[in-house]
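Peer 1: Below is the sequence, then the predicted model.
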Amino acid sequence: MSAPHITGVAAKLWGKDRSVSAEFIRQLINVSANQFTKASECGNGIVDYSYAEKIYDEFKSTYEEGEKFYKNQSDIKPNEKDILSFREVDYVEGRWSGDAHKAGIVNSSLTKAEINVIKQGTIYPDQCSATVKLSNHPYWHGGYKCSNYISSYIYATNMALALKSGKNVYEAAKPAGLSDADKRSMANAVNGLKWSSILSSSTKKNKCLFIWGMAIHNAMDVYSHSAWGRINGVWQHLDHPRPINDNPKNGLADRTDANAFPERYSTAVKVAKKSLSTYVSGKAGNVYDFVPANAYKGAGTNWTINKLERNANILSNLAANSLKTYSCNRG
């Protein structure tokens with residue numbers, strides 16, 4: 001993937017002035033590369049288009065054709081800003097893509113650094129061996145087969161706040177509706193995280209933000225893994241095609257991404273944003289995070305969420321009544 005990536009960066013930079021030489025573009029890419037890692041790991045560094053664009057005019061004003069790279073770069077400040085890095089990233093299992101999960105992480109009260117940590121958390125359940133795979137850990141992926149996906153969301157935020165206050169995750173309160181088995185598995189997963197390999201700065205606050213991101217992953221996945229849609233007049237689980245009958249002509253095309261019944265994805269984003277507002281307020285997550293304003297368009301008619309009312313009712317009758325229209329009970 002390096003060749004098309006670098007080609008794209010070079011093309012954008014060359015578009016600023018097509019009269020410059022290829023050597024100018026090559027040196028600009030080199031001098032602007034991120035030097036956060038060791039040379040033995042990434043050679044000249046990690047390409048960084050935004051920094052190349054930022055220093056473009058400065059570099060052009062001092063650049064001399066035919067000069068060696070080390071001379072042309074002498075007056076340019078090295079690019080040593082922190083970069084996000086992830087380990088054990090082989091694929092994204094979640095039905096929303098990693099970028100789709102991160103799209104919901106918007107809140108003007110949080111700093112860019114805080115947002116970045118939360119974003120790391122939102123994609124982590126699809127990467128960690130202790131949380132990946134819906135069938136094994138439905139309480140991290142909004143699965144209707146867990147004891148209560150709303151309660152598991154709330155419990156994750158309780159663990160996040162426990163870490164923020166310097167407590168052990170096992171001290172976090174268990175909300176109503178969450179089974180002891182699900183609680184134990186969730187707590188073990190968080191307790192087993194190797195923070196030094198996940199966060200560049202593993203402060204209590206960053207740990208809290210990261211786990212809150214994992215909680216948001218679960219909340220958003222409710223609208224993917226626990227969703228049903230009306231297809232050709234028949235209600236169907238919006239899941240991957242079944243191995244034997246995976247012919248799209250049979251109405252069994254893959255309907256697990258944000259493009260299928262997009263109103264449920266927009267609802268998931270609104271739930272994520274409401275969750276962020278709850279974090280900013282200093283409180284734990286709650287069932288009303290699943291009742292954001294102007295959400296659930298088309299729900300109850302074109303798409304619906306399995307056990308939404310049932311799970312909410314264990315926590316609040318009032319919230320359950322607000323969600324009744326959008327809920328179904330299947331499986």
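Peer 2: Perfect, I can see it now.

Peer 1: For the longest helix along the chain, output the C-alpha coordinates as PDB.
Peer 2: Using DSSP state H, we find that the single longest helix of the chain is helix 204-225. Output of helix 204-225 as PDB, limited to C-alpha atoms (Å, rounded to 0.1, in the frame of the first residue of the first chain):
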ATOM      1  CA  LYS A 204      -6.100   7.900  34.800                       C
ATOM      2  CA  LYS A 205      -8.100  10.300  32.700                       C
ATOM      3  CA  ASN A 206      -6.900   8.700  29.400                       C
ATOM      4  CA  LYS A 207      -7.800   5.300  30.700                       C
ATOM      5  CA  CYS A 208     -11.300   6.600  31.400                       C
ATOM      6  CA  LEU A 209     -11.600   8.200  28.000                       C
ATOM      7  CA  PHE A 210     -10.400   5.000  26.300                       C
ATOM      8  CA  ILE A 211     -12.900   2.700  28.100                       C
ATOM      9  CA  TRP A 212     -15.700   5.300  27.500                       C
ATOM     10  CA  GLY A 213     -14.900   4.900  23.800                       C
ATOM     11  CA  MET A 214     -15.300   1.100  24.200                       C
ATOM     12  CA  ALA A 215     -18.700   1.800  25.800                       C
ATOM     13  CA  ILE A 216     -19.700   3.900  22.800                       C
ATOM     14  CA  HIS A 217     -18.600   1.100  20.500                       C
ATOM     15  CA  ASN A 218     -21.100  -1.100  22.200                       C
ATOM     16  CA  ALA A 219     -23.900   1.500  22.100                       C
ATOM     17  CA  MET A 220     -23.400   2.100  18.400                       C
ATOM     18  CA  ASP A 221     -23.200  -1.600  17.600                       C
ATOM     19  CA  VAL A 222     -26.700  -2.000  19.000                       C
ATOM     20  CA  TYR A 223     -28.000  -0.400  15.800                       C
ATOM     21  CA  SER A 224     -26.000  -2.800  13.700                       C
ATOM     22  CA  HIS A 225     -26.100  -6.200  15.300                       C
END
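
Peer 1: Output the contacting helices and strands for it.
Peer 2: helix 98-102, helix 112-123, helix 149-164, helix 262-281 (3 or more Cβ pairs under 8 Å, 6 or more residues apart in numbering; DSSP states H and E). Using the backbone N, CA and C atoms, a C-beta is placed for each residue, glycine as well.

Peer 1: at 6 Å what do you get?
Peer 2: In terms of contacts (3 or more Cβ pairs under 6 Å, 6 or more residues apart in numbering; DSSP states H and E), helix 204-225 is packed against helix 112-123, helix 149-164, helix 262-281.
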